[in-house]
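Asker: Below is the sequence, then the predicted model.
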2 protein chains.
Amino acid sequence: MEALGRQARESAARMAAASTAQKNSALLALARRLRESVAALTAANARDLAAAGALDAAMRDRLVLSEKVIATVAEGCEQLAAMPDPVGEISGLRRRPSGISVGQMRVPLGVFGMIYESRPNVTIEAASLAIKSGNACILRGGSEAIHSNLALAALVQAALQEAGLPAEAVQLVATTDRAAVGALITMPAHVDVIIPRGGKGLIERISAEARVPVIKHLDGNCHCYVDAEVEPELALRVVMNAKTQKYSPCNATESLLVHAEQAPDFLPRIGVLLAARGVEMRGCPRTLALLGPLPDARLAAASEADWSTEYLAPIISIKVVDSLDEAIAHINRYGSHHTDAILTTNHPNAMRFLREVDSASVMVNASTRFADGFEYGLGAEIGISTDKFHARGPVGLEGLTSLKWIVLGQGEVRG
Amino acid sequence: MEALGRQARESAARMAAASTAQKNSALLALARRLRESVAALTAANARDLAAAGALDAAMRDRLVLSEKVIATVAEGCEQLAAMPDPVGEISGLRRRPSGISVGQMRVPLGVFGMIYESRPNVTIEAASLAIKSGNACILRGGSEAIHSNLALAALVQAALQEAGLPAEAVQLVATTDRAAVGALITMPAHVDVIIPRGGKGLIERISAEARVPVIKHLDGNCHCYVDAEVEPELALRVVMNAKTQKYSPCNATESLLVHAEQAPDFLPRIGVLLAARGVEMRGCPRTLALLGPLPDARLAAASEADWSTEYLAPIISIKVVDSLDEAIAHINRYGSHHTDAILTTNHPNAMRFLREVDSASVMVNASTRFADGFEYGLGAEIGISTDKFHARGPVGLEGLTSLKWIVLGQGEVRG
């Protein structure tokens, strides 16, 4: 791991100095090589799938590197090549009274370590984001995908060399030894940031043991708040989408807050729709009183723990609140600072919600399901951060860069 | 400490929602109260000075809270009040194909912990930056300044209350028990970032033990590189200022690199000037050969360790390099990524130096001594970061904020 780290650090300097044209040509070469290598890649993937006989269907599904998955990641590389280069952008260059001009230049972070499970396509997503952002990276995929990942990483390295860039800018940890992870997250001299993607257990363990910064994603306990003044059809449509369009994503809504003035009308209507989709409702006493008469609804009393729970399932917690203040306080206390939305026609309330809800994404009259790098226009996302430091929410190319200060003078000295 | 943390977290929510007018009136009230309290403050400070009998002169100097120091921090509060509010700024709001508009809003980080030694004026600098940036903070000053700090913190809390803001937004740890520091840096639920200011030992210990992000400043091994094409008078003036204007600041130059084509002219000239100021020169063999004939110069052969050394003293290491590439490679290898300058008339070389030197501040034709929050126009600085993550170089109000995503919709849902 020490050798990998040293090579990554050396390559990072060359990647930082690479031209936009070189980086884009590496991305296009990678896309071409991916499309040309469908047979070899699916053969390598077949070895992983054969070894993974005992996996459940969902995990097997994540492991599959089909022609369609390959086409999608190849297209992702081409989209990244078409995006503006974040590196070298100079902002805020202003003259100071001393005569010097001071501004900031966007530069790569250096080396990032990526630790992930199952999905081999993450290998290409991480590699392509590293190339475009001028970083080097060390990739540690799951042991169950090792043959797929080795085949993909070989294509990345060939594409880098084809473009005149160092192959070691993207290195895959070839061993499935778990000690490698421990080494990767404790090399501040060689690794600037760790990005884990996987279950909460993995992420908590890495955060606890890392000796370098971690861009991490923990819970997604997202809320929709239906304000006193609201367009009911809009609110019904958005809440249903936020909760039921997909149950498993982290940006799906888990908790519904409804203003007391709106609750008598809104709750019975949303209750019918949720019941029809088989969604279990766990409500506060006032919610239960309003939803009680609904036929076929699975109703239960919400416990204190429900307000903090990310179900990732057809279950929703529901609470009637007496004010916007109570809604904001509830979200800031029980939420996970991921994504929360207000449904309202009241402008001051919309602005207060935007300012005062302390979450990575805060929305007005839109589904929480939009919290996503692609929907936000980042092109691709390396991860989602639930922290406030450095990067918040979906992390794209900019999250892999930092701003250094630049000073342009004509011989000025300090007096 | 747990209670302090909880109160800070609660106050942070109120500070984040505070209006610009409220925050500015708290700052102006603080400035007024500082000026009105000179007698009480100097009396409290006298108790600290009396207890500190055994301190050396430099440490005693740092501990003094004179009328002049009080006037300076009061003026700093007024300057902060006059600056634009960083909180609430919305940037990049753009419409996406889905119909939603996506942008970013600048918001306070939440709660920061400040750990510092000696200088009681840091209490006011940290408190005023917290107020303006809408954060809460917990301050842990040195035990030798406890009476001064308690008196200052009481003024801050009175000013906060006068402006209708929570007094607990700025809390001073009243105990001088060292275990308090250990608790402060391991409360991720209540503290979002730790900013230590003090000796390298303190900062390394805090970084090693903290369970929250640390904005830290380690070495300042700064370089001036004199390129092949250069205006000699300009280069002499800047290098002399960068090295000798003050020896103790972290942004003073410690190492001089000179292109081989320029060395035969430049080195003897700068050698005379440095010798006249009593600066010891530790050179590579080529440097020694060129400087050897100088009378009265204290010359020595540089060891490998010299290239990495921050002297903070009238000593400079000097190396002749054969190319810009060698200069950049030397700086990135031996430097501390703090502040480095090129002296050149060659535009492509200036631009390459700006892009490729991996330091928090990179300068062309200006003294490294300019790397400072005030000189950069930040108004005040809470610290200087030698890290790349989140904030680099001088950290002002913006470094105490983060960007959250905001989404404005008209009922859009995800398909």
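Answerer: Yes, it's here.

Asker: I'd guessed A:L408 sits against B:V362; true?
Answerer: No. Counting by C-beta atoms under 8 Å, A:L408 stays clear of B:V362, with 10.0 Å between them. C-beta coordinates here come from the backbone N, C-alpha and C atoms, glycine included.

Asker: Give me the buried positions along stretch A:64-78.
Answerer: Of the residues in stretch A:64-78, A:V64, A:L65, A:V69, A:I70, A:V73, A:A74, A:G76, A:C77 count as buried by neighbour count, 16 or more other C-beta atoms under 10 Å in any protein chain shown.

Asker: for stretch A:325-336, same thing?
Answerer: Buried, per 16+ other C-beta under 10 Å, within stretch A:325-336: A:E326, A:A327, A:I328, A:H330, A:I331, A:N332, A:Y334, A:G335, A:S336.

Asker: so which helix or strand takes in the first one?
Answerer: Right, A:E326. helix A:324-334 (DSSP states H and E).

Asker: want to throw the buried residues of stretch A:64-78 into CSV with pLDDT and secondary structure?
Answerer: Converted to CSV, those look like this (pLDDT from 0 to 100; DSSP: H, G, I helix; E, B strand; the rest coil):
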residue, pLDDT, secondary structure
A:V64, 93, coil
A:L65, 95, coil
A:V69, 94, helix
A:I70, 96, helix
A:V73, 94, helix
A:A74, 96, helix
A:G76, 93, helix
A:C77, 96, helix
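
Asker: Out of the residues you listed, which is nearest to chain B?
Answerer: Closest approach between the buried residues of stretch A:64-78 and chain B, by C-beta to the nearest C-beta: A:G76, at 17.1 Å.

Asker: so what's that closest one up against?
Answerer: By C-beta atoms under 8 Å, 6 or more residues apart in numbering or on different chains, the contact list for A:G76 reads A:I124, A:E125, A:S128, A:A380.

Asker: Could you do A:A81 as well?
Answerer: A:N24, A:L27, A:L28, A:A31, A:K132.

Asker: now for those, which pair is the farthest apart?
Answerer: Distance extremes for those: the farthest pair is A:A31 and A:K132 at 12.4 Å, using C-beta to C-beta.

Asker: Those two: which is more packed in?
Answerer: Each of A:A31 and A:K132 has its neighbours counted (other C-beta atoms under 10 Å in any protein chain shown); A:K132 has more, 28 against 24.

Asker: check which helix or strand covers the more buried one.
Answerer: helix A:121-133.

Asker: Tell me the residues of the stretch 101-250 of chain A that contact chain B?
Answerer: A:102, A:105, A:107, A:109-110, A:192-193, A:213, A:231, A:234, A:237-238, A:240-242, A:245 (C-beta under 8 Å from any C-beta of the partner chain).

Asker: Tell me, how many residues neighbour A:V38?
Answerer: For A:V38, the neighbour count with other C-beta under 10 Å is 15.

Asker: let me redo that: A:V357
Answerer: 26.

Asker: got a list of what it touches?
Answerer: Here A:V357 is in contact with A:I328, A:I331, A:N332, A:D340, A:I342 (C-beta under 8 Å, 6+ apart).

Asker: ok, the second one - contacts?
Answerer: So that's A:I331. For A:I331, the contact set (C-beta under 8 Å, 6+ apart) comprises A:H223, A:Y225, A:L257, A:D340, A:V357, A:S359.

Asker: nearest to A:I115, of those?
Answerer: For the contacts of A:I331, the nearest to A:I115 is A:S359 (25.3 Å; C-beta to C-beta).
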